[in-house]
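>>> Structure here, sequence nowhere to be found:
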């Protein structure tokens, strides 16, 4: 059994500490690859020289959910971490080790319990999806559900949350959060998010009809 992980991160290189995070993740022996979907290649910084860094780009912004789909499709491992580029996780190896022992099909971030001095904590997720859940997602590749391409920025985490019943929440310490300025960087994002909402409602209707959840 291979316990190594693929990390998948879409980015526009706006969070200044993302390159710092990459260097930290490369220190883990449990990291097989970090797949970076580069949505803004003109701003790509100098990255560490490491064969585990895989860059995917169309040369333009394909947005978050299509980037997730592409990253998952390309990944080599069954253990997947889909990660925001505005998180810097200091103890990523401890997170990996905890997740290799878990029985959940989907694990999201317990944003409320970050940096409380309790190390890595994993528990069953009860109730509705909470804010920040999709900033860090663990999922087995075979459990991933391709997100419709017309839902570009939001609701991808909600689609996974609604269709995968066995869920957990994880929190950890020594984590830096640089709230992303990506959404605020262009008025076009607001238009896309409004369209995402309409398309998500259509997806919900179809999902109910097909008894996906």
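That came in fine, so what should we check first? Everything numeric here is computed off the predicted structure, so don't read it as measured data. Numbers count the residues shown, from 1 in each chain.
>>> Where does residue 170 fall, secondary structure wise?
strand 167-171 (DSSP states H and E).
>>> nearest spatial neighbour of residue 129, skipping sequence neighbours?
residue 161 (4.6 Å; C-beta to C-beta, 6 or more residues apart in numbering). (Glycine included, C-beta is placed from N, CA and C.)
>>> hmm, back to that, and the strand holding residue 170, what does it pack against?
Strand 167-171 sits against helix 92-100, strand 106-109, strand 121-124, with contacts defined as 3 or more C-beta pairs under 8 Å, 6 or more residues apart in numbering; DSSP states H and E.
>>> wait, which of these is closest to residue 70?
strand 106-109 (19.4 Å; C-beta to C-beta).
>>> Residues touching that closest one, excluding its own?
99, 122, 125, 129, 132-139, 143, 157, 160-161, 164, 166-171 (C-beta atoms under 8 Å, 6 or more residues apart in numbering).
>>> got it, and stretch 197-207?
Outside of stretch 197-207, the residues within contact range by C-beta under 8 Å, 6+ apart are 148, 150-151, 154-155, 158-159, 162-163, 213.
>>> again, but for stretch 63-77
With C-beta under 8 Å, 6+ apart as the contact definition, stretch 63-77 has outside contacts at 2, 4-6, 8-10, 32-33, 35, 37, 39, 54, 56, 62, 80, 82, 141, 144, 146-149, 151-156, 192.
>>> For the residue nearest the centre of the chain, identify the helix or strand it belongs to.
With distances taken as C-alpha atoms, centre = their mean, residue 82 lies nearest the centre of the chain, 2.6 Å away. Here residue 82 sits within strand 79-83, counting by DSSP H and E.
>>> now residue 192
Here residue 192 is assigned to helix 187-209, by DSSP H and E.
>>> Okay, buried residues for that helix please.
Within helix 187-209, the residues that count as buried by 16 or more other C-beta atoms under 10 Å are 189, 192, 196, 199-200, 203-204, 207.
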